[in-house]
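Peer 1: missing the sequence, but the structure's below:
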(Lines give C-alpha, C1' and ligand atoms only; values in the text may rest on other atoms or scores of the structure.)
Protein backbone atom coordinates (compact mmCIF):
# COMPACT_ATOMS: atom_id res chain seq x y z
CA UNK A 1 0.00 0.00 0.00
CA UNK A 2 1.50 3.32 -1.06
CA UNK A 3 1.05 6.25 1.30
CA UNK A 4 1.09 9.33 -0.90
CA UNK A 5 2.35 12.64 0.44
CA UNK A 6 2.56 16.04 -1.22
CA UNK A 7 5.99 16.49 -2.75
CA UNK A 8 8.35 18.96 -1.14
CA UNK A 9 12.06 19.65 -1.20
CA UNK A 10 12.35 18.31 2.33
CA UNK A 11 10.48 15.09 1.55
CA UNK A 12 12.61 14.07 -1.44
CA UNK A 13 15.81 12.23 -0.51
CA UNK A 14 18.94 11.59 -2.55
CA UNK A 15 19.16 7.90 -3.31
CA UNK A 16 15.39 7.47 -3.27
CA UNK A 17 14.31 5.02 -5.94
CA UNK A 18 11.25 5.04 -8.17
CA UNK A 19 9.66 2.51 -10.46
CA UNK A 20 6.94 3.07 -13.04
CA UNK A 21 4.06 0.73 -13.73
CA UNK A 22 4.68 -1.58 -16.67
CA UNK A 23 3.32 -0.36 -19.97
CA UNK A 24 2.45 -2.17 -23.18
CA UNK A 25 3.30 -0.09 -26.27
CA UNK A 26 0.16 -0.26 -28.39
CA UNK A 27 -0.50 0.92 -31.95
CA UNK A 28 -2.88 3.55 -30.58
CA UNK A 29 -0.08 4.96 -28.39
CA UNK A 30 2.11 5.48 -31.44
CA UNK A 31 -0.77 7.11 -33.29
CA UNK A 32 -1.70 9.37 -30.38
CA UNK A 33 1.91 10.44 -29.90
CA UNK A 34 2.26 11.17 -33.62
CA UNK A 35 -0.80 13.43 -33.46
CA UNK A 36 0.40 15.15 -30.30
CA UNK A 37 3.76 16.14 -31.76
CA UNK A 38 2.68 16.23 -35.41
CA UNK A 39 5.27 13.69 -36.51
CA UNK A 40 3.97 10.96 -38.82
CA UNK A 41 7.30 9.58 -39.98
CA UNK A 42 6.79 6.43 -42.10
CA UNK A 43 9.07 4.39 -39.85
CA UNK A 44 6.32 4.61 -37.19
CA UNK A 45 3.52 3.42 -39.50
CA UNK A 46 4.84 1.64 -42.57
CA UNK A 47 8.19 0.03 -41.81
CA UNK A 48 11.74 0.92 -40.85
CA UNK A 49 15.30 -0.21 -41.56
CA UNK A 50 15.18 -1.96 -38.17
CA UNK A 51 12.62 -4.44 -39.49
CA UNK A 52 8.95 -3.57 -39.02
CA UNK A 53 7.67 -0.35 -37.57
CA UNK A 54 9.24 1.37 -34.61
CA UNK A 55 7.87 3.91 -32.16
CA UNK A 56 8.97 7.50 -31.70
CA UNK A 57 12.22 7.52 -29.64
CA UNK A 58 10.76 9.95 -27.08
CA UNK A 59 7.50 8.00 -26.66
CA UNK A 60 8.37 6.73 -23.18
CA UNK A 61 9.70 9.99 -21.77
CA UNK A 62 6.58 10.54 -19.73
CA UNK A 63 6.79 7.10 -18.17
CA UNK A 64 10.11 8.15 -16.65
CA UNK A 65 9.08 11.70 -15.79
CA UNK A 66 5.96 10.62 -13.96
CA UNK A 67 7.68 8.05 -11.76
CA UNK A 68 7.63 10.43 -8.80
CA UNK A 69 3.84 10.44 -9.06
CA UNK A 70 3.89 6.83 -7.88
CA UNK A 71 4.88 8.09 -4.43
CA UNK A 72 4.04 11.78 -4.26
CA UNK A 73 1.13 14.09 -4.95
CA UNK A 74 2.63 16.63 -7.37
CA UNK A 75 0.36 19.70 -7.59
CA UNK A 76 2.56 21.28 -10.27
CA UNK A 77 6.09 21.04 -11.50
CA UNK A 78 8.32 22.38 -14.18
CA UNK A 79 10.83 20.38 -16.15
CA UNK A 80 14.21 22.14 -16.15
CA UNK A 81 16.60 19.79 -17.97
CA UNK A 82 16.42 16.52 -19.92
CA UNK A 83 19.02 14.08 -21.14
CA UNK A 84 18.12 11.08 -23.29
CA UNK A 85 20.24 8.28 -24.67
CA UNK A 86 18.39 6.12 -27.19
CA UNK A 87 19.88 2.64 -26.96
CA UNK A 88 17.46 0.45 -28.91
CA UNK A 89 14.39 1.21 -31.02
CA UNK A 90 11.02 1.05 -29.30
CA UNK A 91 8.46 -1.24 -30.88
CA UNK A 92 4.76 -1.84 -30.62
CA UNK A 93 4.14 -4.92 -28.50
CA UNK A 94 6.99 -4.29 -26.10
CA UNK A 95 6.07 -4.24 -22.43
CA UNK A 96 8.32 -1.69 -20.77
CA UNK A 97 9.09 -0.27 -17.35
CA UNK A 98 11.24 2.60 -16.10
CA UNK A 99 13.38 2.62 -12.98
CA UNK A 100 14.84 5.76 -11.49
CA UNK A 101 16.94 7.09 -8.64
CA UNK A 102 17.19 10.60 -7.22
CA UNK A 103 20.86 11.51 -7.62
CA UNK A 104 20.77 15.12 -6.46
CA UNK A 105 18.58 17.89 -5.11
CA UNK A 106 19.57 21.51 -4.83
CA UNK A 107 18.38 25.05 -4.36
CA UNK A 108 19.23 27.73 -6.89
CA UNK A 109 17.98 31.30 -6.87
CA UNK A 110 15.32 30.42 -4.35
CA UNK A 111 13.98 27.49 -6.34
CA UNK A 112 14.16 23.81 -5.49
CA UNK A 113 15.18 21.10 -7.94
CA UNK A 114 15.52 17.32 -7.95
CA UNK A 115 17.64 15.30 -10.39
CA UNK A 116 16.58 11.77 -11.32
CA UNK A 117 18.56 9.21 -13.29
CA UNK A 118 16.46 6.68 -15.18
CA UNK A 119 16.59 3.61 -17.35
CA UNK A 120 13.72 2.14 -19.35
CA UNK A 121 13.92 -1.60 -20.07
CA UNK A 122 11.86 -4.15 -21.87
CA UNK A 123 10.18 -6.44 -19.38
CA UNK A 124 11.17 -10.06 -19.80
CA UNK A 125 14.35 -9.55 -21.81
CA UNK A 126 15.71 -6.79 -19.57
CA UNK A 127 17.00 -5.02 -22.67
CA UNK A 128 17.82 -1.36 -22.05
CA UNK A 129 15.88 0.83 -24.47
CA UNK A 130 16.40 4.37 -23.22
CA UNK A 131 18.34 5.92 -20.38
CA UNK A 132 19.08 9.40 -19.16
CA UNK A 133 18.41 11.90 -16.43
CA UNK A 134 16.11 14.82 -15.83
CA UNK A 135 15.89 17.80 -13.52
CA UNK A 136 12.49 18.82 -12.22
CA UNK A 137 11.54 21.90 -10.24
CA UNK A 138 9.63 21.34 -7.04
CA UNK A 139 7.07 24.10 -6.71
CA UNK A 140 6.84 25.92 -3.37
CA UNK A 141 3.79 25.55 -1.15
CA UNK A 142 2.21 28.64 -2.78
CA UNK A 143 2.57 26.93 -6.13
CA UNK A 144 3.48 30.03 -8.09
CA UNK A 145 6.80 31.03 -9.57
CA UNK A 146 6.22 34.49 -10.98
CA UNK A 147 9.63 34.92 -12.56
CA UNK A 148 9.18 31.65 -14.39
CA UNK A 149 5.66 32.15 -15.57
CA UNK A 150 5.82 35.70 -16.88
CA UNK A 151 7.83 36.20 -20.01
CA UNK B 1 10.42 10.25 -46.70
CA UNK B 2 13.26 12.75 -46.87
CA UNK B 3 16.70 11.36 -47.72
CA UNK B 4 19.37 11.33 -45.06
CA UNK B 5 21.37 14.50 -45.23
CA UNK B 6 23.96 14.16 -42.48
CA UNK B 7 26.98 13.62 -44.70
CA UNK B 8 26.10 16.46 -47.05
CA UNK B 9 26.18 19.04 -44.26
CA UNK B 10 29.26 20.49 -42.61
CA UNK B 11 30.16 21.97 -39.25
CA UNK B 12 28.36 25.28 -38.91
CA UNK B 13 25.62 24.34 -41.36
CA UNK B 14 21.99 24.64 -40.27
CA UNK B 15 19.52 21.77 -40.34
CA UNK B 16 16.14 22.39 -41.94
CA UNK B 17 14.02 23.95 -39.16
CA UNK B 18 10.75 22.42 -38.00
CA UNK B 19 7.80 24.62 -37.09
CA UNK B 20 4.94 23.48 -34.87
CA UNK B 21 1.76 25.31 -33.96
CA UNK B 22 0.71 23.86 -30.64
CA UNK B 23 -2.99 23.47 -29.90
CA UNK B 24 -4.66 22.34 -26.70
CA UNK B 25 -5.83 19.05 -28.18
CA UNK B 26 -2.24 18.05 -28.90
CA UNK B 27 -1.21 18.92 -25.35
CA UNK B 28 -4.19 16.90 -24.10
CA UNK B 29 -3.04 13.88 -26.09
CA UNK B 30 0.56 14.26 -24.98
CA UNK B 31 -0.04 14.81 -21.29
CA UNK B 32 -3.39 13.13 -20.69
CA UNK B 33 -6.37 15.21 -19.62
CA UNK B 34 -6.84 15.53 -15.88
CA UNK B 35 -7.96 18.16 -13.40
CA UNK B 36 -5.28 20.00 -11.44
CA UNK B 37 -2.84 19.94 -14.35
CA UNK B 38 -1.02 23.02 -15.59
CA UNK B 39 -1.07 21.40 -19.03
CA UNK B 40 -4.75 20.57 -19.43
CA UNK B 41 -6.74 22.45 -16.78
CA UNK B 42 -6.94 26.19 -17.65
CA UNK B 43 -8.20 27.21 -14.21
CA UNK B 44 -5.46 25.28 -12.41
CA UNK B 45 -2.85 26.74 -14.78
CA UNK B 46 -4.06 30.25 -13.85
CA UNK B 47 -3.86 29.41 -10.15
CA UNK B 48 -0.27 28.37 -10.68
CA UNK B 49 0.60 31.65 -12.41
CA UNK B 50 0.17 30.84 -16.11
CA UNK B 51 -2.33 32.83 -18.18
CA UNK B 52 -3.12 29.69 -20.22
CA UNK B 53 -2.09 26.02 -20.00
CA UNK B 54 1.51 25.28 -20.93
CA UNK B 55 2.83 22.53 -23.17
CA UNK B 56 4.90 19.86 -21.51
CA UNK B 57 8.56 20.74 -21.97
CA UNK B 58 9.18 17.20 -23.14
CA UNK B 59 7.20 17.96 -26.31
CA UNK B 60 10.12 20.11 -27.43
CA UNK B 61 12.44 17.11 -27.16
CA UNK B 62 10.09 15.27 -29.52
CA UNK B 63 10.52 18.06 -32.08
CA UNK B 64 14.29 17.80 -31.71
CA UNK B 65 14.00 14.04 -32.09
CA UNK B 66 12.00 14.49 -35.30
CA UNK B 67 14.63 16.85 -36.68
CA UNK B 68 17.43 14.44 -35.75
CA UNK B 69 15.68 11.38 -37.21
CA UNK B 70 15.34 13.30 -40.47
CA UNK B 71 19.00 14.26 -40.26
CA UNK B 72 20.69 11.12 -38.88
CA UNK B 73 18.14 8.37 -39.52
CA UNK B 74 19.01 5.06 -37.87
CA UNK B 75 22.03 6.57 -36.17
CA UNK B 76 19.74 8.64 -34.00
CA UNK B 77 17.17 5.93 -33.23
CA UNK B 78 19.97 3.64 -32.03
CA UNK B 79 22.72 5.68 -30.43
CA UNK B 80 21.17 9.15 -30.43
CA UNK B 81 21.38 11.53 -27.51
CA UNK B 82 19.59 14.69 -26.41
CA UNK B 83 20.72 17.05 -23.65
CA UNK B 84 18.65 20.19 -23.24
CA UNK B 85 17.56 22.85 -20.76
CA UNK B 86 14.06 24.29 -20.80
CA UNK B 87 14.44 28.00 -20.22
CA UNK B 88 10.97 29.47 -20.91
CA UNK B 89 7.49 27.96 -20.82
CA UNK B 90 5.68 27.14 -24.06
CA UNK B 91 2.05 28.23 -23.97
CA UNK B 92 -0.91 26.72 -25.77
CA UNK B 93 -1.29 28.62 -29.03
CA UNK B 94 2.43 29.25 -29.40
CA UNK B 95 4.19 28.51 -32.66
CA UNK B 96 7.50 26.89 -31.92
CA UNK B 97 10.38 26.40 -34.33
CA UNK B 98 13.09 23.82 -33.66
CA UNK B 99 16.51 24.76 -35.02
CA UNK B 100 19.77 22.88 -35.35
CA UNK B 101 23.31 23.74 -36.35
CA UNK B 102 26.11 21.19 -36.70
CA UNK B 103 28.60 21.69 -33.90
CA UNK B 104 31.15 18.87 -34.17
CA UNK B 105 32.05 15.46 -35.52
CA UNK B 106 33.96 13.08 -33.23
CA UNK B 107 35.16 9.52 -33.59
CA UNK B 108 33.40 7.08 -31.29
CA UNK B 109 34.15 3.36 -31.46
CA UNK B 110 34.69 3.22 -35.20
CA UNK B 111 31.78 5.49 -35.95
CA UNK B 112 31.38 9.24 -36.13
CA UNK B 113 29.18 11.04 -33.67
CA UNK B 114 27.77 14.24 -35.11
CA UNK B 115 26.67 16.74 -32.50
CA UNK B 116 24.13 19.41 -33.28
CA UNK B 117 23.45 22.55 -31.28
CA UNK B 118 19.66 22.65 -30.95
CA UNK B 119 17.18 25.20 -29.74
CA UNK B 120 13.50 26.06 -29.94
CA UNK B 121 12.13 29.56 -30.42
CA UNK B 122 8.59 30.81 -30.08
CA UNK B 123 6.78 33.17 -32.45
CA UNK B 124 8.34 36.17 -30.69
CA UNK B 125 11.85 34.89 -31.28
CA UNK B 126 12.27 33.95 -27.61
CA UNK B 127 14.32 30.81 -26.99
CA UNK B 128 12.41 28.29 -24.93
CA UNK B 129 14.86 25.38 -25.01
CA UNK B 130 18.61 25.11 -25.68
CA UNK B 131 21.06 22.23 -25.79
CA UNK B 132 22.60 19.58 -28.02
CA UNK B 133 21.56 16.43 -29.82
CA UNK B 134 23.75 13.87 -31.51
CA UNK B 135 23.66 10.73 -33.61
CA UNK B 136 26.02 8.24 -35.21
CA UNK B 137 26.85 8.81 -38.86
CA UNK B 138 28.21 5.34 -39.58
CA UNK B 139 24.72 3.90 -39.22
CA UNK B 140 23.31 6.07 -41.98
CA UNK B 141 23.49 3.81 -45.00
CA UNK B 142 20.08 2.37 -45.82
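Peer 2: Looks like it arrived, so ask away. Everything numeric here is computed off the predicted structure, so don't read it as measured data.

Peer 1: any idea of the mean pLDDT for the longest helix along chain B?
Peer 2: For chain B, the helix with the greatest residue count under DSSP state H is helix B:58-72. The average pLDDT within helix B:58-72 is 97.

Peer 1: wait, does it make contact with chain A?
Peer 2: Yes. Between helix B:58-72 and chain A, judged by CB under 8 Å from any CB of the partner chain, the touching residues are B:58, B:59, B:61, B:62, B:63, B:65, B:66, B:69, B:70. Where you see a C-beta, it was placed from the backbone N, CA and C, and this is true even at glycine.

Peer 1: Which of those residues are buried? Put it as a ChimeraX command.
Peer 2: Those of the residues of helix B:58-72 next to chain A that count as buried under 16 or more other CB atoms under 10 Å in any protein chain shown are selected in ChimeraX with:
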select /B:58,59,61,62,63,65,66,69,70
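
Peer 1: what's the neighbour count on residue A:102?
Peer 2: 18 (other CB atoms under 10 Å in any protein chain shown).

Peer 1: give the contact list for the residue most central in space within chain B.
Peer 2: For chain B, the residue lying nearest the average C-alpha position, counting by CA atoms, centre = their mean, turns out to be residue B:64 (2.5 Å). Contact partners of residue B:64, counting by CB atoms under 8 Å, 6 or more residues apart in numbering or on different chains, are B:82, B:84, B:98, B:100, B:118, B:120, B:129, B:131, B:133.

Peer 1: pLDDT on the helix ranked longest in chain A, on average?
Peer 2: Criterion DSSP H: the longest helix present in chain A is helix A:27-37. Average pLDDT, helix A:27-37: 98.

Peer 1: so does the next helix or strand after that helix get close to chain B?
Peer 2: On the C-terminal side of helix A:27-37, the nearest following helix or strand under DSSP states H and E is helix A:61-65. Yes. Counting by CB under 8 Å from any CB, chain B has neighbours in helix A:61-65: A:61, A:62, A:65.

Peer 1: which ones are touching the last one?
Peer 2: So the one you mean is residue A:65. A:79, A:134, A:136, B:58.

Peer 1: where exactly do the helices run in chain B?
Peer 2: B:24-31, B:42-47, B:58-72, B:74-77.

Peer 1: Pull out the buried residues from the second one.
Peer 2: Neighbour-count burial for helix B:42-47, with 16+ other CB under 10 Å as criterion, is recorded at B:44, B:45.

Peer 1: That one packs against which elements?
Peer 2: Helices and strands touching helix B:42-47, as assessed by 3 or more CB pairs under 8 Å, 6 or more residues apart in numbering or on different chains; DSSP states H and E, are absent.

Peer 1: And that helix, how far out from the chain middle?
Peer 2: Its chain's C-alpha centre lies 26 Å from the corresponding centre of helix B:42-47 when counted by CA atoms, centre = their mean, to the nearest Å.

Peer 1: same for the lengthiest strand in chain A, what does it pack against?
Peer 2: If you go by DSSP state E, chain A has its longest strand at strand A:95-108. Helices and strands touching strand A:95-108, as assessed by 3+ CB pairs under 8 Å, 6+ apart, comprise strand A:17-19, strand A:23-24, helix A:61-65, strand A:111-122.

Peer 1: I'd like these written out as TSV, with mean pLDDT added.
Peer 2: Below are the helices and strands packed on strand A:95-108 laid out as TSV (pLDDT from 0 to 100):
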stretch	mean pLDDT
strand A:17-19	96
strand A:23-24	98
helix A:61-65	95
strand A:111-122	96
